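In: Okay, here's the prediction I keep looking at, along with the sequence it came from:
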Amino acid sequence: MRIIAILLLTVALVGCVPNRAQDLAACQREASRFYMLYRATDPDKPSSRYIIGCMAAKGYEFTIAPSACDNRHPFPTQAACYAPTNWLVSLIDRIYPD
């Protein structure tokens with residue numbers, strides 16, 4: 001009985017974990033609205049800085065260290081280039097990657 005309760009609690013908590021891809025999409029929409037003339041191709045561009053700052057506000061750190069971060073596409077627009085800053089979310093992200 002205890003195992004079932006733990007499993008149900010785990011499933012419920014995993015549903016509350018933030019989704020990196022959805023958070024990035026929301027930040028990209030906001031950046032395209034505020035910075036229509038700039039494309040997020042370089043981390044120094046205003047739209048890229050907005051996306052990186054928006055993701056930082058949602059609990060993610062911009063990093064190009066993961067192997068899934070592809071250099072053929074702009075780094076700020078890839079969900080794989082952001083790592084959670086919360087240790088619990090980071091642990092769950094390792095177990096259930098996007």
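Out: Yep, that arrived. Because the structure is predicted, anything quoted here is derived from the model rather than measured. Numbers count the residues shown, from 1 in each chain.
In: C-alpha only now, for contacts and for neighbours.
Out: Noted.
In: Determine the longest helix present in this structure.
Out: Counting residues, the longest helix in the chain under DSSP state H turns out to be helix 20-34.
In: neighbouring contacts of it?
Out: Applying C-alpha atoms under 8 Å, 6 or more residues apart in numbering, the contact partners of helix 20-34 are 38-39, 47-48, 50-51, 54-55, 58, 77-79, 82, 98.
In: Which of those fall within helices?
Out: Applying DSSP H to those, the entries found in helices are 47-48, 50-51, 54-55.
In: out of those, who's nearest residue 86?
Out: Residue 86 has its nearest neighbour among those in residue 55, at 12.9 Å by C-alpha to C-alpha.
In: Can you give me the pLDDT of residue 11?
Out: According to the prediction, residue 11 has pLDDT 63.
In: returning to that earlier point: so among the contacts of helix 20-34, which ones count as buried?
Out: Neighbour-count burial (16 or more other C-alpha atoms under 10 Å) applied to the contacts of helix 20-34 gives 47-48, 50-51, 54-55, 58, 77-79, 82.
In: Any chance of JSON lines for the residues you listed, columns distance to residue 88 and pLDDT?
Out: Supplementary listing: the buried ones among the contacts of helix 20-34 in JSON lines, determined by distance: C-alpha to C-alpha, whole Å; pLDDT from 0 to 100:
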{"residue": "47", "distance to residue 88": "29", "pLDDT": "89"}
{"residue": "48", "distance to residue 88": "27", "pLDDT": "90"}
{"residue": "50", "distance to residue 88": "26", "pLDDT": "92"}
{"residue": "51", "distance to residue 88": "23", "pLDDT": "93"}
{"residue": "54", "distance to residue 88": "20", "pLDDT": "95"}
{"residue": "55", "distance to residue 88": "17", "pLDDT": "93"}
{"residue": "58", "distance to residue 88": "14", "pLDDT": "91"}
{"residue": "77", "distance to residue 88": "24", "pLDDT": "88"}
{"residue": "78", "distance to residue 88": "22", "pLDDT": "89"}
{"residue": "79", "distance to residue 88": "18", "pLDDT": "87"}
{"residue": "82", "distance to residue 88": "15", "pLDDT": "90"}
